[in-house]
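Engineer: sequence and predicted structure below; questions after.
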Amino acid sequence: MPDRSTSPGPTETLQTQRAIQREQDRRDARAGREDPGDRQAVQAGAREQPQDLPAQHLPKPGREADLQLAPRFEAPGYQGSGKLQGFAALVTGADSGIGRAVAVLFAREGADVAVAFHSSRDDAEETKRHVENEGRRCLLLQGDVKDDAWCREAVQRTVDTFGRLDVLVNNAAFQEHADSLEDVDDRRLMETLDTNVGGYFRMARAALPHLKAGASIINTGSVVGLQGSEKLLDYSATKGAIHAFTKSLARNLLPRGIRVNAVAPGPVWTPLNPADKPAEEVATFGQGTDFHRAAQPEELSPAFVFLAAPVCAGYITGIVLPVTGSVGAI
């Protein structure tokens, strides 16, 4: 404790505080002259990732092959160590984006992978090529997660081909922005709900008879399911539902030794957003994060490996893991 007999008086304290204030005011003035657009993206990973994105708009569903800047999914610095050796995985929406990156790393960890996709066959064939380059088998499954019969067929074909099913990744999604709630008519609402929530339910329901203790389900959530988004009202609602579904199903399946978790990405450079946003908004996509840039798919896929691998996450179920590029996602 200071000696109060020598403590400064009110006048001296006021002068000290105002001097500190003036110093900070000068710093603030200098900072205010900086252009926010000049802020450098944070690079904390294995290799430097792109900061600048092309101003590009794609027709739905969005083909990865059409992106002017190819998403990075190969994760060249990631070395597999057999964490999924001998496993079989089914990944929906695996023709591109996060799904493709997950399929490739699952294969690098020793899993055979069924790649479920809706319509972008060229993209799906490219995913298959990379999975097979990792030395694993790949099965292509084209169909719609809104169709219960197809979901059951996709799971059965996976089991028939690989002899087992150990990991289901629910990742297929539909997204379209809207400026107001009035713009979200019932057709749009049902397409988003039935794809994003209904599809996850159907695939999980079809997979369950084939999953044994030690197996897992991983759902792709979103930061907008945690924080909301004024332009993605229906999509955000589905992602919040997915987070609740993840926790509920985790409780339901725990006695069977089946883990259920979710990954909640922030902005990621995949065809999903250029197929939604206007081109000028795509050019600044992700710059509002604390990292000042969008993630690349290869920065998300290790989180899925972690949650899928019993050696890593055998004591983890019912979590929503945020990989958002910002502090305080939850």
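Structural biologist: Yep, it's here.
Engineer: so what's the residue sitting nearest the centre point of the chain bridging to?
Structural biologist: Nearest residue to the geometric centre of the chain (C-alpha atoms, centre = their mean): P265, 3.4 Å. On the basis of DSSP bridges, P265 is bridged to V323.
Engineer: which ones are touching it?
Structural biologist: P265 makes contact with I98, T220, G221, S222, V223, A295, L300, V323, T324 under the criterion C-beta atoms under 8 Å, 6 or more residues apart in numbering. Bear in mind the C-beta positions are built from the backbone N, C-alpha and C, glycine included.
Engineer: burial of the last one, as a residue count?
Structural biologist: Translated: T324. Burial of T324 is recorded as 22 neighbouring residues (other C-beta atoms under 10 Å).
Engineer: gap between it and G288?
Structural biologist: To G288, T324 is 11 Å away according to C-beta to C-beta, to the nearest Å.
Engineer: that older thread, hmm, which of the contacts of P265 is lowest in pLDDT?
Structural biologist: Lowest pLDDT of the contacts of P265: A295, 88.
Engineer: I'd say it and W269 touch.
Structural biologist: Yes. Using C-beta atoms under 8 Å, A295 makes contact with W269 at a distance of 7.0 Å.
Engineer: show me where the stretch 201-330 of the chain has its strands.
Structural biologist: 216-220, 259-265, 320-323 (DSSP state E, counting those that start in this stretch).
Engineer: average pLDDT across the longest one?
Structural biologist: Confidence over strand 259-265 (mean pLDDT, whole number) is 98.
Engineer: which helix in the chain runs the most residues?
Structural biologist: If you go by DSSP state H, the chain has its longest helix at helix 10-32.
Engineer: flag every buried residue along that helix.
Structural biologist: For helix 10-32, a neighbour-count test (16 or more other C-beta atoms under 10 Å) marks nothing as buried.
Engineer: before we move on, back to that, look up how far F285 lies from the residue nearest to the centre of the chain.
Structural biologist: Spatial separation of P265 from F285 under the definition C-beta to C-beta is 13 Å.
Engineer: re earlier: comparing A295 and W269, which shows the higher neighbour count?
Structural biologist: Between A295 and W269, W269 has the larger neighbour count (other C-beta under 10 Å), namely 27 against 24.
Engineer: mind listing what that one touches?
Structural biologist: Residues counted as contacts of W269 (C-beta under 8 Å, 6+ apart) are P50, L53, L67, L69, P71, R72, F285, G286, A294, A295, Q296, P297.
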